[in-house]
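need a 3D model of the following:
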Amino acid sequence: MRAWTDLVFSLLEAGGMMSTTAMGWIYLLLAGLFEIGFASAIKLMDGHKNIPWSVAFYVCALLSFGFLQEAAKSLPIGTAYAVWTGIGGVGVAVIGMAFLGDPITPWRVVFLLLLVTSLVGLKLTSGH
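Predicted coordinates for the structure are as follows:
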């Protein structure tokens with residue numbers, strides 16, 4: 001997977017279609033999505049007894065950290081880490097409420113929206 005993504009992004013960058021910083025944000029988004037995957041799998045892997053979910057956990061964790069590492073090459077590490085954890089936190093909270101029986105309350109929704117607002121603010125003020 002790594003070689004394929006590197007090839008696609010290098011072609012886009014070489015063609016002037018995407019800057020290194022834009023690629024960093026794409027890598028960060030992918031890292032956040034895979035973080036949602038590995039954090040959600042924790043709930044479902046049942047202490048490594050459920051093999052498919054255990055495999056999903058490790059695959060998503062490796063991909064998440066790999067994409068975070070790539071994003072950190074062109075983005076400030078504090079911003080990258082905060083956005084990565086924020087994407088994961090919001091995503092897992094939404095999955096928990098939608099599919100795993102986590103409580104849905106007005107205050108939880110308000111605070112999740114505040115978190116999303118903070119993530120957008122970090123993107124807008126990162127200088128990248």
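
could you use CA atoms for every contact and neighbour count after this?
Noted.

isn't Lys73 right next to Gly24, touching?
Yes. Counting by C-alpha atoms under 8 Å, Lys73 does reach Gly24; the two are 7.4 Å apart.

more neighbours, those two?
Taking neighbours as other C-alpha atoms under 10 Å, Lys73 and Gly24 compare with Gly24 leading, 24 against 13.

would you mark the buried spots in the helix or strand containing that one?
With secondary structure defined by DSSP states H and E, Gly24 is part of helix 20-44. By neighbour count on 16 or more other C-alpha atoms under 10 Å, the buried set for helix 20-44 is 20-42, 44.

what's the helix or strand just after it packed up against?
Going down the chain from helix 20-44, the next helix or strand is helix 51-72, by DSSP H and E. Packed against helix 51-72 by the contact rule (3 or more C-alpha pairs under 8 Å, 6 or more residues apart in numbering; DSSP states H and E) you find helix 20-44, helix 77-99.

which one of those lies nearest to Pro106?
helix 77-99 (12.1 Å; C-alpha to C-alpha).

Gly37 touches Val59, doesn't it?
No. The criterion here is C-alpha under 8 Å, and Gly37 misses it with Val59 at 9.0 Å.

before we move on, back to that, and Ser64, which of the helices and strands packed on helix 51-72 is closest to it?
Closest among the helices and strands packed on helix 51-72, using C-alpha to C-alpha: helix 20-44, at 4.1 Å.
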